[in-house]
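# A structural model of the following input is requested.
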Amino acid sequence: MVRKKGVYGIAIVALICFLLIVFCTKEPDTVRISHNFQAIEFEDVDVIGEDISIDKIIDTQRLRLERKFDVFKFVTNKTFNKLSMLSGGQPLRTIIVTTWRSGSTFLGDVLNSLPGNYYHYEPLLHYGIMQIRGPPHADTAIKTLKNLLNCDYTDLENYLTFGMSHIYLFTHNKRLWTQCEAYPQYCWNATFLNEFCRLFPFQSMKVVRVRLRLIEELLSDKRLNTKVILLVRDPRGTLQSRRHRDWCPGEPDCDRPDLLCADMVSDYSAAIKFNKMYSRRFRTLRYEDLSLSPYKVVQDLFDWIGINVHPEIKEFLDTHTTVNVGGVSSTYRDSKNVPFHWKNDLNYTEIQSIEATCEEAMKLWGYVKTKGPKLRDFNPLTSYTIK
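I've put the predicted structure just below:
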């Protein structure tokens with residue numbers, strides 16, 4: 001009897017050991033990283049490691065993008081392959097042209113909340129705090145923009161070198177940055193960037209250092225077929241907002257009202273020309289109008305671009321237009337009040353000084369001069385036309 005119990009005990013121990021061996025040697029589940037940035041879901045990463053090839057990354061992302069197109073009809077009568085450069089198509093490209101502290105971060109994030117969008121965030125950061133109005137920087141700046149829109153990083157050494165030490169150049173492109181975190185060996189690799197960029201059916205870009213007149217070289221390129229939004233803001237609001245940035249004071253192109261408003265007048269003149277020559281691919285937008293009616297304006301913008309409004313875009317607006325969260329660069333804002341903070345933050349002498357300097361620009365863009373220091377119920381907006 002004792003011998004039988006001993007045999008049974010040995011058998012049980014052996015079975016337990018066998019089960020432990022099987023369990024411990026079982027292949028682990030695929031590692032998955034879920035990233036969230038401003039309530040928008042990143043492209044997932046399947047495999048993390050140094051051995052994965054560029055081709056494997058590209059193939060994986062291509063399948064994900066194709067599945068998104070199977071689930072939602074982004075563009076009427078256009079398949080994913082017709083919009084992906086890797087398949088011989090051309091993406092829908094949209095450029096925001098504006099200046100610092102004029103609402104472009106918010107509008108840029110609205111466009112980037114579209115699944116399948118590749119975001120070129122302020123690609124001229126390496127030029128510093130300057131406005132490019134012509135020589136000596138115009139040619140190289142426009143070439144940089146054109147190369148990026150063509151997904152050609154090959155000759156962009158200055159751009160990539162700057163980005164290595166200023167990673168926010170890439171972090172705003174959340175779909176790219178997810179890959180950078182998983183595969184840092186490829187993040188600044190031109191070959192990888194060329195291929196990854198060419199996957200995407202939509203591209204957006206925001207530019208705050210080039211004046212509108214110079215953008216004609218991009219508008220006139222029929223192959224790019226890009227659409228351009230000139231984003232304008234009340235100079236009183238722009239200058240008030242710039243006060244909160246430590247990089248602005250002492251920089252003439254940033255803190256001088258005369259230069260800001262001369263650029264607004266110049267942009268208006270270029271807008272007249274573009275409105276006639278590129279009426280289907282150019283439009284203007286005031287930041288105040290976007291802030292007061294975000295859902296209506298965004299719907300109108302996407303109709304104009306030719307893309308159906310995805311639920312994630314509406315989710316972005318739901319979470320970013322009703323409360324103030326974060327610092328001065330946050331896009332979580334009570335959108336109806338943000339554009340008009342200047343009425344409280346600037347004293348009346350400062351307001352009058354800006355208005356005297358910017359009288360022509362304000363008149364062209366439909367901004368009303370104050371009539372006294374009591375501004376609580378003052379409406380600074382009127383209509384404007386481009387003609």
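# The stretch 251-387 of the chain: strands as residue ranges?
In the stretch 251-387 of the chain, the strands defined using DSSP state E, counting those that start in this stretch lie at 282-286.
# mind listing the helices in it by residue range?
All helices of the stretch 251-387 of the chain, identified by DSSP state H, counting those that start in this stretch, fall at 252-255, 257-277, 287-292, 294-305, 311-320, 342-345, 348-357, 359-364.
# Likewise for the stretch 51-200 of the chain?
54-71, 80-83, 104-112, 138-149, 157-165, 168-171, 174-182, 190-199.
# Out of the ones you listed, indicate the one that is most buried.
Ranked by mean neighbour count, those are led by helix 104-112 with a mean of 23 (mean count of other CB atoms under 10 Å). No exception for glycine: its C-beta is placed from N, CA and C like everyone else's.
# circling back: in CSV, list the helices of the stretch 51-200 of the chain along with mean pLDDT.
Below are those laid out as CSV (pLDDT from 0 to 100):
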stretch, mean pLDDT
helix 54-71, 95
helix 80-83, 96
helix 104-112, 96
helix 138-149, 98
helix 157-165, 94
helix 168-171, 93
helix 174-182, 95
helix 190-199, 98
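# any chance of those in TSV, plus distance to residue 123?
Formatted as TSV, the helices of the stretch 51-200 of the chain follow (distance: least, CB to CB, whole Å):
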stretch	distance to residue 123
helix 54-71	22
helix 80-83	21
helix 104-112	12
helix 138-149	5
helix 157-165	7
helix 168-171	8
helix 174-182	13
helix 190-199	12
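# Specify the stretch among these that is closest to residue 132.
Ranking the helices of the stretch 51-200 of the chain by proximity to residue 132 (CB to CB) places helix 138-149 first, at 5.0 Å.
# Show me what the closest one is packed up against.
Helices and strands touching helix 138-149, by 3 or more CB pairs under 8 Å, 6 or more residues apart in numbering; DSSP states H and E, are strand 92-97, strand 117-121, strand 202-207, helix 216-219.
# Name the residues that touch the last one?
Residues outside helix 216-219 that contact it (CB atoms under 8 Å, 6 or more residues apart in numbering): 95, 142, 145-146, 149, 224, 226, 228, 270, 273-274, 277-278, 281-282.
# Show me the two of those that sit farthest apart.
Farthest pair in the contacts of helix 216-219 (CB to CB) is 149 and 273. Separation: 21.2 Å.
# now the end-to-end length of stretch 276-290.
Distance between the two ends of stretch 276-290: 23 Å, counting by CA to CA, to the nearest Å.
# Buried residues, it. List them.
Of the residues in stretch 276-290, 278, 281, 282, 283, 284, 285, 286, 287, 288, 289, 290 count as buried by neighbour count, 16 or more other CB atoms under 10 Å.
# Distance to residue 163 and pLDDT added to those, as CSV?
Output for those, formatted as CSV (distance: CB to CB, whole Å; pLDDT from 0 to 100):
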residue, distance to residue 163, pLDDT
278, 31, 97
281, 29, 98
282, 29, 98
283, 30, 98
284, 30, 98
285, 28, 98
286, 31, 98
287, 27, 97
288, 32, 97
289, 33, 97
290, 28, 97
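# For my notes, please list these in a markdown table and give distance to residue 361 for each entry.
Output for those, formatted as a markdown table (distance: CB to CB, whole Å):
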| residue | distance to residue 361 |
| --- | --- |
| 278 | 23 |
| 281 | 25 |
| 282 | 19 |
| 283 | 19 |
| 284 | 13 |
| 285 | 16 |
| 286 | 12 |
| 287 | 14 |
| 288 | 14 |
| 289 | 17 |
| 290 | 19 |
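# Tell me the one among these nearest to residue 315.
residue 290 (17.6 Å).
# which ones are touching the closest one?
Residue 290 neighbours (CB under 8 Å, 6+ apart): 103, 106, 107, 297, 298, 335.
# tell me the two of those residues that are most distant?
103 and 298 (12.7 Å).
# More neighbours: those two, which one.
Neighbours were counted for residue 103 and for residue 298 using other CB atoms under 10 Å; residue 103 has more, 26 against 21.
# ok, the more buried one - contacts?
By CB under 8 Å, 6+ apart, the contact set of residue 103 is 231, 233, 287, 290, 291, 339.
# These into a markdown table, with extra columns for distance to residue 177?
Formatted as a markdown table, the contacts of residue 103 follow (distance: CB to CB, whole Å):
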| residue | distance to residue 177 |
| --- | --- |
| 231 | 24 |
| 233 | 28 |
| 287 | 26 |
| 290 | 26 |
| 291 | 27 |
| 339 | 29 |
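# For the contacts of residue 290, give me a markdown table that also has distance to residue 381.
Shown next, in a markdown table, are the contacts of residue 290 (distance: CB to CB, whole Å):
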| residue | distance to residue 381 |
| --- | --- |
| 103 | 14 |
| 106 | 18 |
| 107 | 18 |
| 297 | 14 |
| 298 | 19 |
| 335 | 14 |
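# Kind regards, and thank you for your time.
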